[in-house]
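Engineer: sequence and computational prediction follow.
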Amino acid sequence: MWLGRIRLSSQLEQTVAGKTKITKTTFAHMQRGYYCCAMNRPAKTYTVSVDTLRSHGRALEQFLLERGDYHQLLATVGAQVEQLEAFEPEERVPIEVIAGNIDQVAGWVGEPNLGLKIAPLSSRLQPRLAFFFKQSALSLVDYLRMIARYACISTEAMNITIQQDASHLLMSITPNAPGRVSLHQTEGFVATVCDMLWQAFAIAPEAIDFSHGNPCPQEDTRVYADLLGVMPRFQQAQSRLYFTKTDGDSHYPEHTPSSISMDNIRAMEALHKSEIGIDSWAERCRFLLEILLCYGEPDKQALADLLAVSPRTLQRRLEDEGHSFRGLLRSLRMALAVKYITERSLSSEDIAFLLGYQDVGQYFKAFKSWFGMTPGAFRKQDT
């Protein structure tokens, strides 16, 4: 998960490579991972958010400063970096642009595990990810599913899924565009998940598989054991993390909370009802739907289970009040979208996550159908 923001001064670095002056702005372009060359784009273009790249850039700069060769790097790669100067970032950037340049930067700095080492730092630099680093009351399966959904919204480089067998939870990582996703992106995501899990639950994966080979010289895997808490297996059929499943990790269908979380949500709704005195079925549903959105697309069955009725009875109760499940969900999302946009501190990726969507494209399409304009146009109109 490579998220965050970077604000670099354009003040000149007084470092010269031959006749080329390198500025902090120039180096920032290298950090963002962009090429100025023309690309042959596939029919489906998978993208990464600019926030992801900015955070990665800031983490890269800090990593090199701590390593002690930041200024030496600027002097070494001057001509190669200068060509990136003219590129202006857009809101989303194609993943093939990112992957190629991450590999090139890793070569420049002589670091075969660049993603592994800087991705956790990148995520820690982003305040909005603080939730994932805090001790969590969520069940492990719900926590992993939230990480997976947020990651898929922030970067379309990989599809992250959570499965389970009799004894394990499995987080599987599948590149959306094989051959155009760098091993640094895969290793960086895995390292970030391990860092978050250690902070939130004090646990490490039971095992880790990588589909790529070991990039370290002499097959040295000590850096992996140090950063991931376990020695990974390379050249496996799929990149995957394995976690020991607990009794609380049984769960309903996709996007539905685990049994433990369902019990916690019922308790929250009962307390809310007793304090506010809500009798309306529609108001009870709105309260619960706002919580369920954090888990993904709300399910009518899960909502009915929380209210201890059948889906058909729930539908009838709402119809008696002039509402429907879909209508309530739509109106709630519209109201929350306006609220989140006017707060201005939330990115499109944040809002897509909070509204229960699986990617930013779903959110943009829904928003335009509601208000006849994009979220960006709405935000400008509101200023």
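Structural biologist: Thanks, I have the structure now.

Engineer: any idea which residue sits dead centre in this structure?
Structural biologist: Nearest to the centroid of the C-alpha atoms of the chain, with distances taken as CA atoms, centre = their mean, sits Ala151, at 2.4 Å.

Engineer: right, and that one touches Ile160 too?
Structural biologist: Yes: using CB atoms under 8 Å, Ala151 is in contact with Ile160, at 5.2 Å. Where C-beta positions appear, they are placed from N, C-alpha and C, glycine not excepted.

Engineer: which neighbours do the two share?
Structural biologist: Phe189 (CB atoms under 8 Å, 6 or more residues apart in numbering).

Engineer: circling back to that earlier point, for the helix or strand encompassing the residue nearest to the centre of the chain, packing partners?
Structural biologist: Counting by DSSP states H and E, the element that carries Ala151 is helix 140-154. Counting contacts by 3 or more CB pairs under 8 Å, 6 or more residues apart in numbering; DSSP states H and E, helix 140-154 is packed against helix 130-133, strand 158-164, strand 168-175, helix 183-201, helix 348-354.

Engineer: swap in 6 Å and give it another go.
Structural biologist: On a contact count with 3 or more CB pairs under 6 Å, 6 or more residues apart in numbering; DSSP states H and E, helix 140-154 meets strand 158-164, helix 348-354.

Engineer: Gln72 in helix, strand or coil?
Structural biologist: Assigned by DSSP: H, G, I helix; E, B strand; the rest coil, the conformation of Gln72 is helix.

Engineer: give me the number of neighbouring residues for it.
Structural biologist: Gln72 is flanked by 13 other residues according to other CB atoms under 10 Å.

Engineer: next, the angle from the helix or strand where Gly107 lies to strand 158-164.
Structural biologist: Element membership for Gly107 (DSSP H and E) is helix 95-109. Helix 95-109 and strand 158-164 are oriented at 100 degrees to each other (axes from the mean of the first three to the mean of the last three CA atoms, to 10 degrees).

Engineer: immediately after helix 95-109, which helix or strand?
Structural biologist: Moving toward the C-terminus from helix 95-109, the next element (DSSP H and E) is helix 114-124.

Engineer: quick one: residues in contact with that following helix.
Structural biologist: Helix 114-124 has contacts (CB atoms under 6 Å, 6 or more residues apart in numbering) with 1-2, 55-56, 59-60, 63, 106, 129, 184, 187-188, 191-192, 195, 227.

Engineer: please redo it, this time with the cut-off set to 8 Å
Structural biologist: 1-4, 55-56, 58-60, 62-63, 102, 105-106, 111, 129, 132-133, 182-192, 194-196, 223-224, 227-228.

Engineer: from the residues you listed, which would you call buried?
Structural biologist: Restricting the contacts of helix 114-124 to buried positions leaves 1-4, 55-56, 58-60, 63, 102, 105-106, 111, 129, 132-133, 182-192, 194-196, 224, 227-228, with burial counted as 16 or more other CB atoms under 10 Å.

Engineer: excluding its backbone neighbours, what's nearest Ala99?
Structural biologist: Ser182 (3.9 Å; CB to CB, 6 or more residues apart in numbering).

Engineer: for Ala237, same thing?
Structural biologist: Ser211 (6.9 Å).

Engineer: quick check: the one you found vs Ala304, distance?
Structural biologist: Using CB to CB, to the nearest Å, we find Ser211 at a distance of 40 Å from Ala304.

Engineer: what stretches of this structure score poorly on pLDDT?
Structural biologist: Scanning the chain for pLDDT under 70 picks out 1-43, 74-91, 135, 217-220, 247-254, 278, 383.

Engineer: need the helices for the stretch 251-383 of the chain, in chain order.
Structural biologist: Assignment of helices within the stretch 251-383 of the chain using DSSP state H, counting those that start in this stretch yields the ranges 259-276, 281-292, 300-306, 311-320, 325-343, 348-354, 360-371, 375-382.

Engineer: so how far is stretch 288-304 from its chain's centroid?
Structural biologist: For stretch 288-304, the separation from the chain centroid amounts to 20 Å (computed by CA atoms, centre = their mean, to the nearest Å).
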